[in-house]
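[1] kindly return the folded structure for what I paste below:
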Amino acid sequence: MRLIVLGVALLAVALALPRNATPQAAGTAGDEERDQKFVEMLRREDPASAQQYVTLRDARSKTASDLRHAEAQYRSAGPELRSIVLPRLKHAQRAYAEASLALLDYFEGRDRGALAKYEAEIARITRGLAEYERTRAELRRLIDGP
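    Predicted coordinates:
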């Protein structure tokens, strides 16, 4: 049962990962609903992790908005003003990359933790299967005789 729960959690994480490294406009209602369900699942599992995710997600959303604004300013500036706007654009790009990297680090940490749990569970099941095989061999010896 725990494996199913962990599998569902990994699927939720995969669905919440960014599709690319460029800022996107606000998500659709479906994206927001999926994100809300992910946050609720995180809150049930680990409230501190949920708060960390929300903080990182919100920071990334803010930097994405700032970057879109800086890109719009750069596009609307004439060639003579672009050199003035460029530092702000570069700063916004850097801030967005840093926020995205922090969110990626969060997901990687969660995935590595889930992987460790899976590996431990696989090892436990493997030991159980080996024990079944030993028991089966003993029972066959009893049936077949000496």
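[2] state the mean pLDDT of stretch 137-146.
    The average of the pLDDT scores along stretch 137-146 is 90.
[3] ditto for stretch 98-115
    Throughout stretch 98-115, pLDDT has a mean value of 97.
[4] residue numbering should commence at 40 henceforth.
    Sounds good: first residue 40 from here, last item stretch 137-154.
[5] show me how far that stretch is from its chain's centre.
    6 Å (Cα atoms, centre = their mean, to the nearest Å).
[6] show me what counts as buried in it.
    Residues of stretch 137-154 classed as buried under the neighbour-count rule (16 or more other Cβ atoms under 10 Å) are 138-139, 142, 145-146, 149. In this view, the C-beta of every residue, glycine as well, is placed from N, C-alpha and C.
[7] take those and write them to TSV, including distance to Ser122 and secondary structure.
    Below are the buried residues of stretch 137-154 laid out as TSV (distance: Cβ to Cβ, whole Å; DSSP: H, G, I helix; E, B strand; the rest coil):
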residue	distance to Ser122	secondary structure
Ala138	26	helix
Ser139	26	helix
Leu142	32	helix
Tyr145	36	helix
Phe146	37	helix
Arg149	42	helix
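[8] nearest to Ala169, out of those: which one, please.
    Arg149 (30.6 Å; Cβ to Cβ).
[9] what about the residue most central in space within the chain, distance to Glu110?
    The C-alpha lying nearest the average C-alpha coordinate of the chain belongs to Phe146 (Cα atoms, centre = their mean; 3.3 Å). With distances defined as Cβ to Cβ, to the nearest Å, the gap from Phe146 to Glu110 amounts to 25 Å.
[10] repeat for Gln91
    In this view, Gln91 and Glu110 are 28 Å apart by Cβ to Cβ.
[11] which stretches of the protein form strands?
    Using DSSP state E, the strands of the chain do not appear at all; there are none.
[12] let me see the contact set for the residue nearest to Val78 when sequence neighbours are not counted.
    Taking Cβ to Cβ, 6 or more residues apart in numbering as the measure, Val78 lies nearest to Ala89, with 5.7 Å between them; neighbours along the chain are not counted. Taking Cβ atoms under 8 Å, 6 or more residues apart in numbering as the criterion, Ala89 is in contact with 78, 81-82.
[13] can you put the residues you listed in JSON lines and add pLDDT, neighbour count and distance to Pro126?
    Supplementary listing: the contacts of Ala89 in JSON lines, determined by pLDDT from 0 to 100; neighbours: other Cβ atoms under 10 Å; distance: Cβ to Cβ, whole Å:
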{"residue": "Val78", "pLDDT": "96", "neighbour count": "17", "distance to Pro126": "35"}
{"residue": "Leu81", "pLDDT": "94", "neighbour count": "22", "distance to Pro126": "37"}
{"residue": "Arg82", "pLDDT": "96", "neighbour count": "15", "distance to Pro126": "40"}
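[14] many thanks, have a good one.
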